[in-house]
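Student: Would you be able to build a 3D model of this:
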Amino acid sequence: MKKLFPLFFCIAATAAALATEPFRIPLYPENSPEIKPEEKTPVLSVYPAAKPAGTILILPGGGYRSCVAGREGVKIAEKFRTFGFTAAVLDYRVSPDRYPAPQRDALRAVKLLRARAKEWNVDPEHLAVLGFSAGGHLAGCTGTLYDRIDIRVGDEADAQSARPDALILCYPVVSLAADFGHTGSGDCLLGKEASDAERKTLSLQNLVTDDTPPAFLWHTAGDTTVPCRNSIEFAQAMWAHNRTAELHVFPEGNHGKDTAENLKTAWQWPQMAANFLLEVGNFPVAK
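Tutor: Below you'll find the predicted structure:
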């Protein structure tokens, strides 16, 4: 996979503190019981901004079958760095790992970013989670399950909050059920044998509470892989709980358009999302 910025593994916190270029670090400490030797090791890639206007954790899509860390990860991190945000891309666990492994990875990443805030130029009080497709479902889980999934591994990150300050959901999988959801993502996350009732318990529109963080959502009307009803249902659940949600359904485009630079209207979404964070989420203005 082509990388537009050089990446290297951070071997010590002091090295990360001095880094001006992106760097990669294992998500869990060495010998953590969270990861078994035969399993994939989740990795966090951090793209620091000199004076961050906030921090964005990016969760690529892939149907919980893979993690598309290039165009829905690195590319997005570079885009939001131009707006003044420190960005981080999480390569999280996917099938054959099941729920709650990806959710634990995402919540751990939020905690770790806050724990290393001074070293990595992270703004711990203005941290958004951005996800695409199934990564959008995972991002939504961080905003709804942060107090329901215990993620403690025995280091300084344990003391940090796992609740993000805002969500950016890009053509997200919201339902895992057969109604209007993406059952393939449900198969990979819960197993093909999971019942429709089990899938509905992890469908995001059913997880929204009165404390779910503000959310920006965008979708395209032409998305037949993950229908735009997914975003609409989540936004309606947010409004029903008097939570802030901004929803955009653009008229053209199918699924998986990342920055949507070739679409007539959807190309505006990164700037619109940044404005949402600055104006609605009270993120600081980039200096």
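Student: tell me the SS of F180?
Tutor: Secondary structure, DSSP: H, G, I helix; E, B strand; the rest coil: F180 is coil.
Student: need the contact list for I232.
Tutor: 219, 247, 249 (Cβ atoms under 8 Å, 6 or more residues apart in numbering). Using the backbone N, CA and C atoms, a C-beta is placed for each residue, glycine as well.
Student: Among these, name the buried ones.
Tutor: The neighbour count (16 or more other Cβ atoms under 10 Å) marks 219, 247, 249 as buried among the contacts of I232.
Student: Any idea how many residues pack against the residue lying closest to the second one once chain neighbours are set aside?
Tutor: Among residues not flanking L247 along the chain, A235 sits closest, at 4.1 Å (Cβ to Cβ, 6 or more residues apart in numbering). Burial of A235 is recorded as 24 neighbouring residues (other Cβ atoms under 10 Å).
Student: Report the rounded mean pLDDT for the strand or helix carrying K75.
Tutor: According to DSSP states H and E, K75 maps onto helix 75-81. For helix 75-81, mean pLDDT rounds to 94.
Student: now stretch 220-238
Tutor: Mean predicted confidence for stretch 220-238 is 97.
Student: circling back: which secondary structure element contains the residue nearest to L247?
Tutor: Using DSSP H and E, A235 maps to helix 229-240.
Student: Just the buried positions in that helix, please.
Tutor: For helix 229-240, a neighbour-count test (16+ other Cβ under 10 Å) marks 229-235, 237-238 as buried.
Student: cool, and stretch 71-85?
Tutor: Within stretch 71-85, the residues scored as buried using 16+ other Cβ under 10 Å are 71-77, 79-81, 83-85.
Student: Show me the helices in the stretch 51-200 of the chain, by range?
Tutor: In the stretch 51-200 of the chain, the helices defined using DSSP state H, counting those that start in this stretch lie at 75-81, 101-115, 117-120, 134-144, 183-190, 196-201.
Student: And those helices: which comes nearest L27?
Tutor: Nearest to L27 among the helices of the stretch 51-200 of the chain is helix 101-115; the distance by Cβ to Cβ comes to 5.8 Å.
Student: Counting by contacts, list what the closest one packs against.
Tutor: If contacts are counted by 3 or more Cβ pairs under 8 Å, 6 or more residues apart in numbering; DSSP states H and E, helix 101-115 sits against strand 43-47, strand 55-59, strand 86-91, strand 127-132, helix 134-144.
Student: Next, the angle helix 134-144 makes with the third one.
Tutor: So the one you mean is strand 86-91. On the basis of axes from the mean of the first three to the mean of the last three Cα atoms, to 10 degrees, strand 86-91 is oriented at 110 degrees to helix 134-144.
Student: The nearest residue to L145 once chain neighbours are set aside and A115: what is the separation?
Tutor: The shortest distance from L145 to any non-neighbouring residue, by Cβ to Cβ, 6+ apart, is to Q103 (6.0 Å). To A115, Q103 is 19 Å away according to Cβ to Cβ, to the nearest Å.
Student: Low-confidence regions, the stretch 151-287 of the chain specifically.
Tutor: Counting by pLDDT under 70, the ranges of the stretch 151-287 of the chain that qualify are 286-287.
Student: hmm, 80 instead?
Tutor: With pLDDT under 80 as the threshold, the stretch 151-287 of the chain has low-confidence stretches at 256, 285-287.
Student: any chance you could map the strands in it?
Tutor: All strands of the stretch 151-287 of the chain, identified by DSSP state E, counting those that start in this stretch, fall at 166-170, 215-220, 245-250.
Student: ranking those strands by burial, who's on top?
Tutor: Highest mean neighbour count among the strands of the stretch 151-287 of the chain (mean count of other Cβ atoms under 10 Å): strand 166-170, with a mean of 29.
Student: Return the distance of the residue nearest to H255 when sequence neighbours are not counted relative to G191.
Tutor: Sequence neighbours aside, T225 is the residue nearest to H255 in space, at 3.7 Å (criterion: Cβ to Cβ, 6+ apart). Going from T225 to G191 by Cβ to Cβ gives 21 Å.
Student: Alright, calling it a day.
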